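Visitor: coords below, sequence missing:
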Ligand SMILES: Cc1cc2nc3c(=O)[nH]c(=O)nc-3n(C[C@H](O)[C@H](O)[C@H](O)COP(=O)(O)OP(=O)(O)OC[C@H]3O[C@@H](n4cnc5c(N)ncnc54)[C@H](O)[C@@H]3O)c2cc1C
């Protein structure tokens, strides 16, 4: 069995993605990176293909597919356009999958059909200007009013899909974490709210421009100023956000690792081809030992990433947390491996590798975000060490 294509359904999905990527994604990737624009029409065509609600149940308009399928889609998109893949991830995993796993019947039946087609673009807002890794310190607050609705105040930073265009049109729906009090032990009580476009007090503070990479995805600061959120838009029970975060974090990190895999595969493929095409000192550069080191080490890293990522996908249960060790492990390993492989590709390709037309320059810039977003390398190191203290026996299994 090929661990990356465990069933006929997965093989067909990968083939469909490869066709779509070569016909529609690759031709626009450089242009949208240069202009720092999000390709909304292309994004909506993923809805027509049933991919925007890939892991959401069919009964709400999703496709009901598993974690391996989600990995395949992220890997294939990212092999061409990681920025576009990041916008896809923020919508389909950080919003749609989160809602599918944690929302009420009313919330799911009303919103999933809209986000599965792409009529609505979704985002997830956890990070704030002063709180990133230290997420439980977040400062946004929600207080309940007499009529049961909520008054949300605060700012969220770095929100992928936070705006959908250059005019600062906000995402149609955002999954927002806010503090609703403190528990009996004095710890923050964090709750989850669905904020929809048009709710008073919800706006885009700024579209963040001039990013190193991932420029084909919009990143925004969101502002909530006495934003009125109906009682029905509280997700789950008060103070339940930790459960929501834990349930969604593993698939988020798995798919970010899958994006690294796409970057690694494409970079390896580009450097391998170039090493034959390019000659120096009367021979193909692949004959040089130093070039062989770049290619050989990249291949080994790529294969190790692929095995670890798809093995983790195979064991990931979308409705339950419990695989944090490996979702942190794959992201920790894959993010840096992808950056190193993109760097090796650029080195093999010399001056050509350094310009946009030859693709790896863009992948090299995009790869860095994966060491920061969805958890920094340091947070993965911290979590892994903590988990291995609790369950040292997993090392010997
Ligand atoms: C392009 C982009 C898209 C993003 N999209 C989203 C999104 O859609 N939604 C969202 O909510 N967020 C998003 N983020 C935010 C991202 O998740 C955060 O940037 C990330 O969690 C790190 O937080 P920070 O930037 O505040 O850095 P900080 O947490 O301030 O970290 C700064 C440095 O300190 C280190 N550090 C912090 N705490 C510790 C510790 N305990 N031990 C060791 N080292 C530590 C960090 O590892 C890092 O090196 C995005 C970010 C970017 C750049």
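Guide: Noted; the coordinates are in hand. The structure presented is a predicted model; accordingly, all values stated were derived computationally and were not measured.
Visitor: drop to CA atoms for contacts and neighbour counts, all remaining ones
Guide: Fine.
Visitor: tell me the pLDDT at residue 216?
Guide: pLDDT, residue 216: 98.
Visitor: that's a helix at it, yeah?
Guide: No - with DSSP: H, G, I helix; E, B strand; the rest coil as the criterion, residue 216 is coil rather than part of a helix.
Visitor: what pLDDT, on average, does the one helix or strand residue 113 maps to get?
Guide: If you go by DSSP states H and E, residue 113 is part of helix 105-117. In this model, helix 105-117 carries a mean pLDDT of 98.
Visitor: before we move on, what about stretch 219-232?
Guide: 98.
Visitor: And stretch 272-283, by the same measure?
Guide: When pLDDT is averaged along stretch 272-283, the result is 98.
Visitor: And the residue minimising distance to the centre of the chain, how close does it get to residue 26?
Guide: Nearest to the geometric centre of the chain sits residue 89, at 4.0 Å (C-alpha atoms, centre = their mean). Residue 89 sits 18 Å away from residue 26, going by C-alpha to C-alpha, to the nearest Å.
Visitor: and after the longest helix seen in the chain, which helix or strand comes next?
Guide: Using DSSP state H to define each element, the chain has its longest helix at helix 241-277. The helix or strand immediately downstream of helix 241-277 is strand 279-280, counting by DSSP H and E.
Visitor: ok, that next one: who's next to it in the sheet?
Guide: strand 283-284 (antiparallel) (DSSP bridges).
Visitor: Could you tell me the angle between the helix or strand that the strand it pairs with is followed by and helix 241-277?
Guide: The element immediately downstream of strand 283-284 (helix or strand, assigned by DSSP H and E) is helix 289-315. Taking axes from the mean of the first three to the mean of the last three C-alpha atoms, to 10 degrees, one finds helix 289-315 and helix 241-277 inclined to each other by 150 degrees.
Visitor: The helix or strand following helix 289-315 packs against which elements?
Guide: Note on helix 289-315: by DSSP H and E, the next helix or strand toward the C-terminus is helix 324-348. In terms of contacts (3 or more C-alpha pairs under 8 Å, 6 or more residues apart in numbering; DSSP states H and E), helix 324-348 is packed against helix 241-277, helix 289-315, helix 350-353, helix 360-369, helix 377-390.
Visitor: Kindly reformat those helices as a markdown table containing distance to residue 189 and mean neighbour count.
Guide: Below are the helices and strands packed on helix 324-348 laid out as a markdown table (distance: least, C-alpha to C-alpha, whole Å; neighbours: other C-alpha atoms under 10 Å):
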| stretch | distance to residue 189 | mean neighbour count |
| --- | --- | --- |
| helix 241-277 | 8 | 24 |
| helix 289-315 | 31 | 18 |
| helix 350-353 | 49 | 15 |
| helix 360-369 | 29 | 25 |
| helix 377-390 | 21 | 14 |
